[in-house]
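A.B. asks: Predicted model and sequence below, questions to follow.
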Amino acid sequence: MGVLKHFFFLLFLYVNNTSAINNPQEEFMDRFDINKNHVNIKWSNSGIHGKGKFKYEIEERDVLSEGNESEKSTICPNHVKEGTYKLGCPDYGKTFLMGFEDNKYSEEFLNEISFGFLNKKYKLPIEIPLNKSGLSMYQGLFKRCPYNKKHYSMIKNENEYDMCFRKFYNNSNISTRIYKRGKQNRKYIYFSSHGLGGRLGANIEEPLHKYKNDEHYVTKKMRYPEKIKNLFDCSIYSHCIGPCLYKDFNNSCFLNLPILFNHQTKECVIIGTHEEKRIHNCQSGSTDQNIQRCFLPVKKEKGNQWTYASSFIRTDYMTKCPPRFPLNHTMFGYFNYSTGKCETYYMNHEKRTLSFSKCIETLFNNIKKQDDVNNSSFLWGVWTIENNANEKTNLASMDNTGSCYFLKKKPTCVLKKENHFSFTILTANSFNLNQNIIYPELKNNSSKEGSSLIHFKDPKQTNKRVLYENNKKSKRNVRTKINSVNPFTIPSTLNTNEKEEYNKNEVKNYPNNNISYIQKVHSSFVNNRFNIHSDSSFKPIHKMIQMNIYTDNKLYNNNNQKIKDSNNNMNGMSVTQRSPSIGENQNGNPQQKYMERFDIPNNHIFIEWQKEGEYGNDEFKYNIISNKTAGTSQSLFHNYKDKTCPNHVYEGRAHGSCPNYGKAIIVQNLLGEEYDKNFNLNFLNEIRTGYLNKYFKKDVEISYENSGIAMHNNMLRSCPVHENEEKLFSVKTDYNYKMCKSKIFSNRFTMKEYDPKTRLFMYYGLYGLGGRLGANIKRDKQKEKKYEDNITLPMKNPSLIKNLFDCSIYSYCLGPCLENSFGNKCFRNLPAYYNHLTNECVILGTHEQERTNSCRRTKEEKKKPNCQILRKTTDSKDWTYVSSFIRPDYETKCPPRYPLKSKVFGTFDQKTGKCKSLMDKAYEVGINKFSVCLEYLFLVSPKDLYNSGRNNYWGIWAADHSVNENNIEIANGKCYHLVVKPTCVIDKENHFSFTALTANTVDFNQSVNIRKIEELTEYGNNDDVLKEKEINNEPIDNVNETKINRKSHVNSMERNKPSYKENEYDQMEKNVEDETYSEEFGLFEEARKTETGRIEEESKKKEAMKRAEDARRIEEARRAEDARRIEEARRAEDARR
């Protein structure tokens, strides 16, 4: 009987085995078995794995062990944990964050380590300070590797270096310095043992001397970088160079160090530590302490070119490890051996609504640490793009939003699914649409076509799944606000603001600093009081993911498609479609392209130059750092990591991508009240910051009462100062050196030259045409001549500046030189003034534009800087204020310099194809004069510090009579300030349309080539007829009157208030509007004064603390110097004896 049971059991196993279907993807899916393949290995000539000379043995099978080998050794010096990183698979896109001040990607980890080994060996502090250190290994002390024949033989006898001899050890391919013999002198030429150099490092060149912060020591390039051709070469190179680094420092922990390999530049950087993080007993700030810097592993999109790997990368990593990029249009699943299909029922998973970049980053951050031995971490992920209703969306960038799934169970198959992307914890934070990975295709086990892409097998999800499907159908007809349908995702009907708030609460354990450029839509409907078309219920279109600029990005061009017309029904009201974004077809508006110039909310934003920027063309590439609209009166960008600049009252740095024509910063020197209020050229005098006095150790700067706001003009000798500094600039991640090299630094920019004819030095200014008041510095050491008049000099090549864009770029490119010379980060990206008549470019020494606190109120206050106020008068029409980030297409995306003559702003009506004028009584302001009308618009337009919430960007002035260049100063008219973006213009004589960025003058010779559009004079019912007001065209006699000094915009408004008749209802309505506006303005002023007072008080406290700290440091330095002198005297006495 027992034998029979045994027979039937064997028969059952045989039938099940023969009926099971083989998985055709089993071999392909083996590369995603991370727990099996991503293990610790060790090179061995007698290893059973590998091939040829690359034989290895497998040690621990624990992916979550952080690379700690099984045989524990003593803790390495400067390490916290024991062990060696020896995992066999590369970790694509993994880099490190140094310190915890900022979560933004930075390549500080490529700076050299500072463990003190060099200082100990040479008995001299030559290493990089701890607060600047990174993770890159020392450059090496050996002349060649191996050291000599004896060392060569010792390595030969080892059991793990056979692969090194032919490729690296022979022919002295590894050396860090060579001896060069010359006719006159003999010297060493230095190299690094790894990398391409240009990073901050120790001072190892002879003669050795103490590290000096102002000398900017950078690492050298390795002698034969062409020996490293790929990731595997880099890993083997680190293994081979280990014995020489060990002999350099007598430290076995420098054997088999991990590496970072750059796939774009083929740079191989050896990391000087086996640790992957340090979060305790370390310095997280930027202060120079006696402890190592904190660091964390990160996986940012900007670091996708780097790969972190051990010195033991397995030879078959291309087939046994996950690919570098996510699988395109592919979805992980689980193979059903009964049906032969790939099922996508996810049981053990998490689902979130995240951007693609944040999805990969969150999975990387979510991996369990080594103390969790149950291996229950999420190691795999699937991301699918979020589609809009009735629209198909393609992947354009890593900022696209979609559904993110994290999987615990190892996937065993993959399915072809459009807009699905599968990845692992080892995948780079990027995508490659040109990826060519082939695998056998399987069928999906979905029961319904068109059903959800991912099914939930958990029965608890059934009811929520029905709600989700019902909601998906109902949202096509009406927008509603509902609760969450499952614990892992966000309902698609919520608007973007609600989604972001939900994400903050749901994913609060993961930093979410990625900027999403998805268009934001108001959930509330605003009554259309002024018959505003298309823009009534939507935020500015600069919230979109794209900008209409010329670019070579193919992904961007493919995604920039026309959006279909549709009408939505919201809360029972009919809402017209949103205003088309820039680049979309505006249903036949012939002025659409030209009117893009006046789309200030979308185009006047915050950008930064980047080498591989997403926007721009040629060498002028940039990224968007904030999709908010920059201020038009005062523009300051606030970054949480930036502190208030020295000598500043307000936070923020000057920014804004559009020029501000005619904007004047009045520096009040108290010579005359009226003179100060209108316009003066005091701003061209040099600023007084105290940095020059500190450098020269005496008072050489201009006094406060005579100072302006122009940057110090004669401090630098050249920019870059030397070749090493230029190399450092070329590798900066926050500096577009390529752009500056082609535009500004094609030749070394000098401000001091030796003239062999006169045998004297020739001096030049840093910027401008000179002739202004500046610092009193001796410029000729041979003559000892002192310039008592303190007059600044012109720059050597003023023809370098041809337009305002050149001026903006010029200030940007000189920024790092100014930062290094003065030791002040705030001297980077300074704003500038450009003069259209002389092409003069003047770099300013402050980011502040308006300063009404902590400044001179009386002539007796001689130790305070002058106050600054903002104006835009006709006297400043030739000057333009620019930031260091003017967009390269400003001539087509920013308002023109002059107002539009004989044009009236309007909104384009898509039904009739006509333009409806925005000259509505609701927008009328009680101002008569043109110049006051434009300046008042500038003064009340949004600021970054105190934004009143009113988007006063556009204006219209309608003259009562015919005007020309001789009488426009005295002519009267009606002033309109608009809060609606114009989309067309109408031809009307004696009418002028302008913006808050426009100069306060009129070009009567202006010729605008724009197609005419007929005015819409009737709209809606017959009762709503807009009758155009007749204008009396009797000319005004030319009057040569002296310009009246403008006291202030408030007095001008009251003085020029027109008297016009209105019916009783309209008058009451306008009075309410005026009272509301006055109340808002009063609250705004009160808030501004309160905030400025608070900031001033904080600045005083910070200044007092800074002075106390400076005094403490000076005292410590004095004591240290006294101790040093005593010690030197003692040693000299001992030597004498």
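C.D. replies: Noted; the coordinates are in hand.
A.B. asks: CA atoms for contacts and neighbours, from now on please.
C.D. replies: Will do.
A.B. asks: Domains in the chain, by residue range?
C.D. replies: Each domain of the chain is listed here as a residue range: 92-313, 330-506, 606-750+760-893, 897-1036+1052-1060, 1071-1137, per automatic domain parsing.
A.B. asks: Now the weakest link among the ones you listed, please, by mean pLDDT.
C.D. replies: Looking at those, the lowest mean pLDDT belongs to domain 330-506 (a mean of 66).
A.B. asks: re the thing from before, redo the domains of the chain as CSV? Include distance to residue 51 and mean neighbour count.
C.D. replies: Shown next, in CSV, are these (distance: least, C-alpha to C-alpha, whole Å; neighbours: other C-alpha atoms under 10 Å):
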stretch, distance to residue 51, mean neighbour count
domain 92-313, 11, 19
domain 330-506, 25, 17
domain 606-750+760-893, 39, 20
domain 897-1036+1052-1060, 64, 19
domain 1071-1137, 61, 13
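A.B. asks: Tell me which of those domains lies nearest to residue 46.
C.D. replies: Minimum separation from residue 46 across the domains of the chain (C-alpha to C-alpha) falls at domain 92-313, 7.9 Å.
A.B. asks: For the closest residue to residue 360 other than its chain neighbours, give its distance to residue 297.
C.D. replies: Of all residues not flanking residue 360 in the chain, residue 429 sits nearest, at 6.0 Å (C-alpha to C-alpha, 6 or more residues apart in numbering). Distance, residue 429 to residue 297, by C-alpha to C-alpha, to the nearest Å: 13 Å.
A.B. asks: Residue 804 now?
C.D. replies: For residue 804 relative to residue 297 (C-alpha to C-alpha), the value is 42 Å.
A.B. asks: still on that earlier bit, ok, the residue nearest to residue 360 touching residue 362?
C.D. replies: No. With contacts counted by C-alpha atoms under 8 Å, residue 429 stays clear of residue 362, the gap being 10.5 Å.
A.B. asks: where's the most centrally placed residue in the chain relative to residue 809, distance?
C.D. replies: When C-alpha atoms, centre = their mean is applied to the chain, the residue found nearest the centroid is residue 625 (4.5 Å). Distance, residue 625 to residue 809, by C-alpha to C-alpha: 18 Å.
A.B. asks: again with residue 887
C.D. replies: 10 Å.
A.B. asks: Repeat that for residue 1133.
C.D. replies: Taking C-alpha to C-alpha, one finds residue 1133 at 59 Å from residue 809.
A.B. asks: so what's the residue nearest to residue 591 when sequence neighbours are not counted bridging to?
C.D. replies: Excluding its sequence neighbours, the residue lying closest to residue 591 (C-alpha to C-alpha, 6+ apart) is residue 984, at 6.1 Å. Note on residue 984: beta-bridge partners by DSSP bridges are residue 906.
A.B. asks: Contacts only, for residue 984.
C.D. replies: For residue 984, the contact set (C-alpha atoms under 8 Å, 6 or more residues apart in numbering) comprises 591, 592, 595, 905, 906, 907, 908, 915, 1013.
A.B. asks: for residue 896, same thing?
C.D. replies: Each residue near residue 896 by C-alpha under 8 Å, 6+ apart is listed here: 597, 998.
A.B. asks: Now do the SS call for it.
C.D. replies: With DSSP: H, G, I helix; E, B strand; the rest coil as the basis, residue 896 sits in coil.
A.B. asks: Quick check: it vs residue 645, distance?
C.D. replies: Distance from residue 896 to residue 645, by C-alpha to C-alpha: 32 Å.
A.B. asks: Same check on residue 800?
C.D. replies: Residue 800 is 30 Å from residue 645, by C-alpha to C-alpha.
A.B. asks: for residue 793, same thing?
C.D. replies: Using C-alpha to C-alpha, residue 793 is found at 27 Å from residue 645.
A.B. asks: Which parts of the stretch 701-850 of the chain are strands?
C.D. replies: 718-719, 749-750, 752-755, 760-763, 832-835, 841-843 (DSSP state E, counting those that start in this stretch).
A.B. asks: which one of the contacts of residue 984 is nearest residue 137?
C.D. replies: For the contacts of residue 984, the nearest to residue 137 is residue 595 (55.4 Å; C-alpha to C-alpha).
A.B. asks: would the closest one count as being in a strand?
C.D. replies: No. Counting by three-state DSSP, residue 595 is not part of a strand but helix.
A.B. asks: For it, which non-adjacent residue is spatially closest?
C.D. replies: Going by C-alpha to C-alpha, 6+ apart, residue 595 has residue 983 as its nearest residue, at 5.8 Å.
A.B. asks: Equivalent analysis for residue 47, please.
C.D. replies: Nearest residue to residue 47, sequence neighbours excluded (C-alpha to C-alpha, 6+ apart): residue 56, at 4.4 Å.
A.B. asks: how far out from the middle of the chain is the strand or helix carrying the one you found?
C.D. replies: Using DSSP states H and E, residue 56 maps to strand 54-58. How far strand 54-58 lies from its chain's middle: 44 Å, per C-alpha atoms, centre = their mean, to the nearest Å.
A.B. asks: which parts of that strand are buried?
C.D. replies: Neighbour-count burial for strand 54-58 flags 54, 55, 56, 58 (criterion: 16 or more other C-alpha atoms under 10 Å).
A.B. asks: Need the CA coordinates for it. PDB is fine.
C.D. replies: Once non-C-alpha atoms are left out, strand 54-58 reads as follows in PDB (Å, rounded to 0.1, in the frame of the first residue of the first chain):
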ATOM      1  CA  PHE A  54      38.900  37.600 -14.300                       C
ATOM      2  CA  LYS A  55      38.100  34.800 -11.900                       C
ATOM      3  CA  TYR A  56      36.200  35.400  -8.700                       C
ATOM      4  CA  GLU A  57      34.500  33.800  -5.700                       C
ATOM      5  CA  ILE A  58      31.100  34.600  -4.400                       C
END
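A.B. asks: Check which helices and strands it sits against.
C.D. replies: strand 41-43, strand 49-51 (3 or more C-alpha pairs under 8 Å, 6 or more residues apart in numbering; DSSP states H and E).
A.B. asks: Residue 860: which of these is closest?
C.D. replies: strand 41-43 (76.8 Å).
A.B. asks: mind listing the helices in the stretch 701-850 of the chain by residue range?
C.D. replies: 723-730, 737-743, 804-822 (DSSP state H, counting those that start in this stretch).
A.B. asks: The ones you listed into a markdown table, with extra columns for distance to residue 603?
C.D. replies: As requested, these are arranged in a markdown table below (distance: least, C-alpha to C-alpha, whole Å):
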| stretch | distance to residue 603 |
| --- | --- |
| helix 723-730 | 29 |
| helix 737-743 | 22 |
| helix 804-822 | 16 |
